[in-house]
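Chemist: sharing a model that was predicted from the sequence below.
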Amino acid sequence: MAYAIEMLGITKVFPGIIANDNITLRVQENEIHAILGENGAGKSTLMSVLFGLYTPEEGRILLRGKEVHIKDPNHATALGIGMVHQHFKLIHNYTVTENIILGNEPRDRLGNIDLGTAQKEVERLSNMYRLEVDPQAVIEDITVGMQQRVEILKILYRKADILIFDEPTAVLTPQEIDELMAILARLKAEGKTIILITHKLREIKQVASRCTILRRGKVIDTVDVDKTSESEMAAMMVGRAVQFQIKKAEAHPGPVVLSLQNLSVKNSRGSSAVNDFSLDVRKGEIVGIAGVDGNGQSELIEAIVGLRHVESGRILLNGQDVTSKGIAERIRMGVGNVPEDRQKHGLVLDFRLDENLILKTYARAPFCSRSGLLNFEAIRQNAQRLIEIFDIRAARGPETKAREMSGGNQQKAVIAREIDLSPELLLISQPTRGLDVGAIEYIHSRIIAERDKGRAILLVSFELDEIMNLCDRIVAISKGEAVGIVDAKQADEREIGAMMAGLRSLHASDLEGKAHLMANPS
Amino acid sequence: MKHTKKLAEPARRDRTDKLDNLLANDNAVSVIVVLLGLLFGTLLIILVGKNPSGMYSAMLQTLTGLDIERGTWNARYIGEWLTASLPLILCGLSFGFAARTGLFNIGAEGQYIAGLTAAQFVALYFPPIPILHWVVALIAAAIAGALFGGLVGWLKARFEVSEVVATIMLNYIAFFLSRWATMQIPGSNTYKTPSFPASAMLTSNLLQSLTNDSRLSIGFWVTILCCILYWFIIEKTKLGFELRATGYNKEAARCSGIKVTSRISISMILAGVFAGLAGAIVALGSFSYGRVLAGLDNYGFNGIAAALVGNNTGLGTFLAGLLFGMLASAQPLMQSRQIPKEITWIISGLVVVLISLRAGAKLFLAWRAKNKVRMHMEIQTASDAASLEDSLNSGNGGQKHNG
Amino acid sequence: MGSFATMIPSVLMIVAPILITAVGGMICERSGVVNIALEGLMSIGAFTAATVHYFLEPLTPLSIWIALIAAFFAGFVVSIIHAFASITLNADQVISGTGINLLATGGTTFLSQVFFKMERTAPFRLGMMPGFSGIYPTAWIALAIVIVAWYVLYKRPVGLRLRACGEHPQAAASAGINVQKMRYVAVLLSGGLAGLAGGCLVLTETIQYTVNTINGAGYIALAAVSFGRWKPLGVSAASLLFGTAVALAIYMVNIESLRFLPSEFFSVLPYIITLVTLVVFSGRNYAPRASGQPYERGGS
């Protein structure tokens, strides 16, 4: 049993937290080894140590039996270790070839960059590993799937034989995920050793042979994937039996609150982001928008909030046309929004907690008098009240700067503020990103509670499980279009996944149309 | 299951705590920076072979009127010091007000010139009614400054033009326009206009007599009023809340229904008002005739230093303005003591450079503060760890400067 | 018409310092650092060149060239401050740049007092002489600098890497590039070029250095970088345009038909043109993506 990599007793500490606590990881030569854990378990830190981004406080690393001290990513690369990051490190306006050769450019006799040789090498690698790319395409014009292949080619170009993949499927459609799994199998067949960081059990089952499970910085166990069930792995990951289904009562939808009619919206670069989108959301129901990041969900929410101009179509709130109304007015009419990026759109980090909690209501009594003077006592009391109701943890109470609060508590603050507005329509995007299971359960139960109070809720999430657990009806979005609407109780994950990829629902189209689409997937 | 390991030793933690608290205190940083600037100035003087005590005795005389060497006392120096400080304070308020909204107003110089020119025109063309005359002049100056500032705000809001280069162009445009317009006044030559009627001037007999016939004028009260107004608007009003939110995080402010575009415009308009008033106070308080500007007075630029050292607050800018005003009005005294008077500009420039480092120090401190909170709270949930990982992986989520 | 043709050497004389500074500014911003201090660095270069030339003029015929080299180094050295503040200490780049401009004004006047006992440098006897067909050598220097910059930025590996630092420093770092070092080089180079440009300006357009010598040329160069979309060809065209406006301001007085306009009109023309083009043509979408943002190491 030859080990390609052995990480022995690795401990990595940051101020106030032990990210990796005496971790031992052994990866065999030519295997696909998965590292499973929740957000914050320490997986990324461990791999960053391996890739030379951090130096561990304790522990040793052996490469094929020989001890190495990996000083920085260059050193790691020289040792044959390559990493495909979760957030791609690609230059948006360089070509595929330029991105691949950056830092290691082939030169001609005069020392200039030899683009001809570079392109030939890219084509050679591309053919050898069947990683299809267009060498002359510019990064910002190609699909996410191809971008990821470029990332892989980058490390193959540098002759990596140990490849680390950090949450590679977070940004892919189900179809692209299948393609990636095939790529991983091919790379293994070519003799590479692969470490796969993920929290997706299904993918581990698909390609990995062994799996190491981390929780709170410690290794729980290393198991043979074939011999371990998904629920066993999940239990080890979370520390207790996991409830995959949320208990919730039947929905009793009332009249329509939000009506989107043939909505078309452009993105920041001027191309079409949302295309002829129609949807109704009723009182007392949760409608989910399922789709991979980048298919128009953000632009859709921005259009409803009022941040983005609508090219054509209408938005109706309780029957009234709000398409051209301003943001403040929509808030007054009852639109609440929990944005996908809480730090960018949800909070002013340099404001105090109490100021953030009245960010939308500062102009109303009792927070502000008629003449425009702020009432600080009322503002503080309001914050105190919300802190108690929503159990927001902040070291100095209402006066804490938002910047000093943890992610989970920041999210609670945003949700508290929006729910407190008693909105008729509540828009929620990615509510549990980066949060642990406890916080997730709390937030999910809050969302269901609001539904039961009669709110109309529109939920956008990239986690299909979350959508299927919470929602009453599900719309799949692909390339800005509504591909199909299904009732959550009857929905099948595979079917929704197919819709997310653009294939129309079996229920929604005739046989001829279906055959055409199956032959030409978009 | 609690995760209770704490790793840093308490003693070391205390010491870094104290240093962090010191650096996090904006006022302390300002004081340190000023002291460093003075220190450097002293060293430079020594380096060129002069006696630094000349610099300090000049500064002392400016502040107190006390001439150490001759043992005499003249309150006029105090009056002149205050007079020199007024435009710096106001231009500092101008920069600071825009800065609180996230804008970089280097155009205070142009807004100052606009106010100055307008005030001169009103002085010469408006009927010489006592008190009303200079009141109207001040109002005209405020409006002129507001227009120039508003223009920048509009360009920024409508066209997303970087205010940095645009305002500098406007400064020069204001300068040449002012020259041309002022020379059109009948009876003007290439450097001055006819004298002002007495009703237009800001002279205050009370202040003058208190300071032995210095040029200290009604502008003094106007300036104090402006400082109070500045503080009040920003800290106590709904408008101030909106401006601060826009300055810290424009996107979040927009999402909350704050009309960001109009806030930016309002901010620049008010910033222009402050700078315009500075121009009027100089024109009608320190001179008895209109000037055809031969060069930039530079209050707009030096006011930036006052705002930065004063942390963009009303009181801070007031104090910092007094400091830089002292440096400026000490110049002739320094010159007479063989100290090149430009040393004060060097100190100002150095202070600004040092202050710029504070932005970087702040980001670092914010990161440490976040983790310090966790050191004292036991880490109970992985969500804290997750957001730590998040912030480590994606860099800071803080402010970005729009250049 | 004839008078316009004879204006060409004068136009080139004025364009040259703007173009040299703009190329430096372009390189700097392409690496991700905004350099507002170009104006102050030009002042420092002009002061240095005027001073060195004044002292060396009676001693050697090469004093012009020595003065220019000294100007380059003066700009180079002073921009170390900006580089250190912006890159190593992650300071706010616009504020630190403004601070240097203030420092430069004070510092040059201060040193003038020390050397010459007045607020300007003593006038030198003869500046740079025009060469072939009346065109000053500085125009050729500027042209050479643009061509070299284009070649290095687009044909050499170091250029590919430098541009990467300005677009996506994390990507560059993960490719093994030392982003901080790249940015240091870019900032120092832009400082040196600005200093050189200041030297060119003072030695061709006037006889001594005063606080009014540069008078906004550094900011006009910054505008040229933005108007020229951060590319060598665009920046050259923009510099030509702005420089022509400045030249017109000076030489309009010679054109009979326009005598009725006040001189301030011509003085203000270049700034108005710069402002209008900035408003109408500048697009933030063309700027290097990471320009102006402090880069923090250690993210994965």
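Modeler: Ah, there it is.

Chemist: which SS state does the residue in the stretch 201-350 of chain A positioned nearest to chain B fall under?
Modeler: Closest residue of the stretch 201-350 of chain A to chain B, CB to the nearest CB: A:A328 (3.3 Å). For the C-beta atoms, the positions are set from N, CA and C on the backbone; glycine is no exception. What DSSP: H, G, I helix; E, B strand; the rest coil gives for A:A328 is helix.

Chemist: same check on A:L8?
Modeler: Counting by three-state DSSP, the backbone at A:L8 sits in strand.

Chemist: what's near enough to touch it?
Modeler: Counting by CB atoms under 8 Å, 6 or more residues apart in numbering or on different chains, A:L8 makes contact with A:T24, A:G59, A:R60, A:I61, A:L62.

Chemist: what's the local residue count around A:E67?
Modeler: Number of residues near A:E67 (other CB atoms under 10 Å in any protein chain shown) recorded here: 10.

Chemist: wait, is it part of a strand?
Modeler: Yes. Assessed with three-state DSSP, A:E67 lies in a strand.

Chemist: helix or strand for C:L241, which one?
Modeler: Assigning secondary structure by DSSP states H and E places C:L241 in helix C:232-251.

Chemist: thinking again about what came up before, pull out the buried residues from the contacts of A:L8.
Modeler: Neighbour-count burial (16 or more other CB atoms under 10 Å in any protein chain shown) applied to the contacts of A:L8 gives A:G59, A:I61.

Chemist: tell me the one of the contacts of A:L8 nearest chain C?
Modeler: Nearest to chain C among the contacts of A:L8: A:I61, at 16.8 Å, using CB to the nearest CB.

Chemist: could you give the mean pLDDT of the helix or strand where B:L43 lies?
Modeler: Per DSSP H and E, B:L43 falls inside helix B:26-47. Averaged over helix B:26-47, pLDDT sits at 86.

Chemist: swap in stretch A:140-148?
Modeler: Per-residue scores along stretch A:140-148 average to 88.

Chemist: quick one, what contacts residue 144?
Modeler: If you meant another chain, say so; for now it's chain A. So A:V144 contacts A:V171, A:L172, A:E176, A:V292, A:G294 (CB under 8 Å, 6+ apart).

Chemist: my guess is the residue of the stretch 201-350 of chain A closest to chain B contacts B:G257. True?
Modeler: Yes. Using CB atoms under 8 Å, A:A328 is in contact with B:G257, at 3.3 Å.

Chemist: higher neighbour count, these two?
Modeler: B:G257 (23 against 15).

Chemist: which intervals of the stretch 1-150 of chain A have sub-threshold pLDDT?
Modeler: Along the stretch 1-150 of chain A, segments meeting pLDDT under 70 span A:1, A:15-16, A:39-40.

Chemist: quick one, helices of the stretch 1-150 of chain B?
Modeler: According to DSSP state H, counting those that start in this stretch, the stretch 1-150 of chain B carries its helices in the segments B:10-24, B:26-47, B:53-64, B:76-100, B:108-125, B:132-159.

Chemist: so which of those helices gets nearest A:E121?
Modeler: Counting by CB to CB, A:E121 lies closest to helix B:132-159 out of these; the figure is 44.9 Å.

Chemist: export whichever helix or strand comes after the closest one to CSV, keeping only CA atoms.
Modeler: For helix B:132-159, the following helix or strand on the C-terminal side (DSSP H and E) is helix B:163-183. Extracted as CSV, the C-alpha positions of helix B:163-183 are listed here (Å, rounded to 0.1, in the frame of the first residue of the first chain):
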residue,chain,number,x,y,z
GLU,B,163,-14.4,62.5,-8.9
VAL,B,164,-10.6,62.6,-8.4
VAL,B,165,-9.5,63.8,-11.9
ALA,B,166,-12.8,65.6,-12.7
THR,B,167,-12.6,67.8,-9.6
ILE,B,168,-9.0,68.7,-10.3
MET,B,169,-9.9,69.8,-13.8
LEU,B,170,-12.8,71.8,-12.3
ASN,B,171,-10.3,73.5,-9.9
TYR,B,172,-8.3,74.9,-12.8
ILE,B,173,-11.5,75.8,-14.7
ALA,B,174,-12.8,77.7,-11.7
PHE,B,175,-9.5,79.4,-11.3
PHE,B,176,-9.4,80.8,-14.9
LEU,B,177,-13.1,81.6,-14.9
SER,B,178,-12.6,83.5,-11.7
ARG,B,179,-9.7,85.5,-13.2
TRP,B,180,-11.6,86.4,-16.3
ALA,B,181,-14.9,87.2,-14.6
THR,B,182,-13.2,89.4,-11.9
MET,B,183,-11.3,91.3,-14.5
